[in-house]
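**Student:** The sequence and its predicted three-dimensional model are supplied below.
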Amino acid sequence: MTSIKIISFVASFLAILLVLPVHEWAHAFVAVKCGDDTPKHHKRLTLNPMAHFDLMGLAMLVIARFGWAKPVPINPNNFRHLRRDYFFVSIAGVVSNYLLAFIFYPLWILSFSLFATTFAQSTFGQMAATLLSGTLEAVFAISLNLVVFNLIPVYPLDGFRVLEAIFKKPNKVMDFLREKGYIILLVLILINFLTDYIPVLGYIDVFGFLMSTLTGIIGQPIALFWGWIMSLFI
């Protein structure tokens, strides 16, 4: 049982090393394409995980599969079309995560038949197959989680930037979401995490309910599409 937990932890961490940098790189890439070289100057136009990790956000990702990275610095004044480009930059991360989920879902499904039986002859082979399958599953699951999680409209998440792109002027609500964003996130994640140890908290875990419901909804088209594709070859 302990070895399974260790493998699951390692698989999640390996998935994060891919999922999180791709998310932040997408923000930086789109910003540069829209005319703002600020991410490049701050060395954020990279897939190097160390350039993007926020210590608290990384800890939350490893522990609860919900977390964040350091916001990519941008200067909207450099955009060619301010509100349009700011919106594109804001959603670039979640779009990249959804594409990752789309790509890794069939790899995860195929890993059962292609690798599990091949490596099942030894204990080491079984552990390797479990780690491989677990990592592919984690990339899929964490990617979907980040899509939904990052659209929460509080700072420093992408949903907050989407609101900034929609509203022309600052307002009290936006100021509140910016100032209290980290506190709101930590409280939501903490309640969700503690439900495993204090079941009664499940009654107020609105965050967990919405996350599981929405990730299931956005993941369904991916499963249906690849299920249809695979049925053509079986």
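**Tutor:** Nice, thanks for sending it over.
**Student:** Buried ones in stretch 31-42, by neighbour count?
**Tutor:** Using 16 or more other Cβ atoms under 10 Å as the test for burial, stretch 31-42 gives 31-32, 34, 36, 38-39. Any C-beta I mention is one placed from the backbone N, CA and C, and that applies to glycine too.
**Student:** what's the burial count for Leu163?
**Tutor:** Per other Cβ atoms under 10 Å, the neighbour tally for Leu163 reads 18.
**Student:** my guess is it meets Met174, correct?
**Tutor:** Yes - counting by Cβ atoms under 8 Å, Met174 is a contact partner of Leu163 at 6.5 Å.
**Student:** In helices only, show me the buried residues of stretch 31-42.
**Tutor:** If you go by DSSP state H, the buried residues of stretch 31-42 have 31-32, 38-39 in helices.
**Student:** now, among the residues you listed, which is nearest to Ser133?
**Tutor:** Set against Ser133, the nearest of these by Cβ to Cβ is Pro39 (34.4 Å).
**Student:** And the closest one, how far from Met174?
**Tutor:** Distance of Pro39 to Met174, given as Cβ to Cβ, to the nearest Å: 23 Å.
**Student:** same thing with Val19?
**Tutor:** Counting by Cβ to Cβ, the gap from Val19 to Met174 is 28 Å.
**Student:** Just confirm Pro153 is within a helix.
**Tutor:** No - under DSSP: H, G, I helix; E, B strand; the rest coil, Pro153 falls outside any helix and is assigned coil.
**Student:** what sits against it?
**Tutor:** Pro153 sits next to 159-160, 162-163, 177 when contact means Cβ atoms under 8 Å, 6 or more residues apart in numbering.
**Student:** where's Ile109, which helix or strand?
**Tutor:** helix 82-111 (DSSP states H and E).
**Student:** Return the set of buried residues in that helix.
**Tutor:** Those would be 85-94, 96-98, 100-102, 104-109, 111, for helix 82-111 by 16+ other Cβ under 10 Å.
**Student:** so where is this protein shaky, pLDDT-wise?
**Tutor:** Along the chain, the parts satisfying pLDDT under 70 run over 1, 61-67, 114-122, 168, 234.
**Student:** Looking at Val19 and Met174 now, which is surrounded by more residues?
**Tutor:** Applying other Cβ under 10 Å to Val19 and Met174 shows that Val19 carries more neighbours, namely 26 against 16.
**Student:** Look up how far Ala128 lies from that one.
**Tutor:** 21 Å.
**Student:** Find the nearest non-adjacent residue to Ile204, please.
**Tutor:** With sequence-adjacent residues excluded and distances taken as Cβ to Cβ, 6 or more residues apart in numbering, Ile204 is closest to Ile191, at 6.5 Å.
**Student:** show me the residues around the most centrally placed residue in the chain that make contact.
**Tutor:** By Cα atoms, centre = their mean, the mean C-alpha position of the chain lies nearest to Leu146, the distance being 2.6 Å. The contact partners of Leu146, taken as Cβ under 8 Å, 6+ apart, are 19-20, 23, 93-94, 97.
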